[in-house]
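Visitor: predicted model, plus sequence, below.
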Amino acid sequence: MVNHLALIGCGLMGGSFAMALKRANVVNRIVGYSKSPLTTERACKMGIIDQAAESALLAVSGADVVLLAVPVAATEQTLKNIHPLSDFQRNAKAHIKRLKKTGKPAVLTVNGRASVVV
């Protein structure tokens, strides 16, 4: 059971994945952030997320699991935005290159605690 899931990207892909986790009863609370406040607000109204965060960094704070559901082109900047809670900045370009090449997600860690799916 995941106590706190941070969802970065509350649109169709991220919202669908988060809703599936809720329906499967594997997550207690989802804190979401999207670049577009309207997307975050809609996800909150639809019950996809339990709380809207004002930034990706705030959404990630205290999370057990982080789900990145942003366009590939936005992934590097998103990782930089949550950098204070991660060691991704030094490896961000390698992760983006691998993602573009393979198209397969990777699970990484933040602070040795949270998992990030890229």
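Guide: It's in.
Visitor: parallel or antiparallel, list what pairs with the one helix or strand I30 maps to.
Guide: Per DSSP states H and E, I30 falls inside strand 27-33. Paired neighbours of strand 27-33 in the sheet (DSSP bridges): strand 2-8 (parallel), strand 51-52 (parallel).
Visitor: skip ahead from the shortest one and say which helix or strand is next.
Guide: By that I understand strand 51-52. Assignment by DSSP H and E places the next element after strand 51-52 at helix 56-60.
Visitor: distance from the next helix or strand after that next one to the middle of the chain?
Guide: Per DSSP H and E, the first helix or strand lying C-terminal to helix 56-60 is strand 65-68. Its chain's C-alpha centre and that of strand 65-68 lie 3 Å apart, by CA atoms, centre = their mean, to the nearest Å.
Visitor: so which of the strands paired with strand 27-33 is nearest T75?
Guide: Shortest distance between T75 and the strands paired with strand 27-33, using CB to CB, is found for strand 2-8: 9.6 Å. From N, CA and C alone the C-beta is placed, and that goes for glycine too.
Visitor: how far is the closest one from where the chain is centred?
Guide: The answer for strand 2-8 is 7 Å, by CA atoms, centre = their mean.
Visitor: identify the residues contacting the helix or strand just after that strand?
Guide: Following strand 2-8 in sequence order, the next helix or strand is helix 12-23 (DSSP H and E). With contacts defined as CB atoms under 8 Å, 6 or more residues apart in numbering, helix 12-23 is touched by 2, 5, 7-8, 10, 27, 30, 32, 34, 43, 46-49, 67, 69-70.
Visitor: out of these, which are buried?
Guide: Among the contacts of helix 12-23, those classed as buried by 16 or more other CB atoms under 10 Å are 2, 5, 7-8, 10, 27, 30, 32, 34, 43, 48-49, 67, 69-70.
Visitor: coming back round to it: the strands paired with strand 27-33 into a markdown table, with extra columns for mean pLDDT?
Guide: Formatted as a markdown table, these follow (pLDDT from 0 to 100):
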| stretch | mean pLDDT |
| --- | --- |
| strand 2-8 | 91 |
| strand 51-52 | 97 |
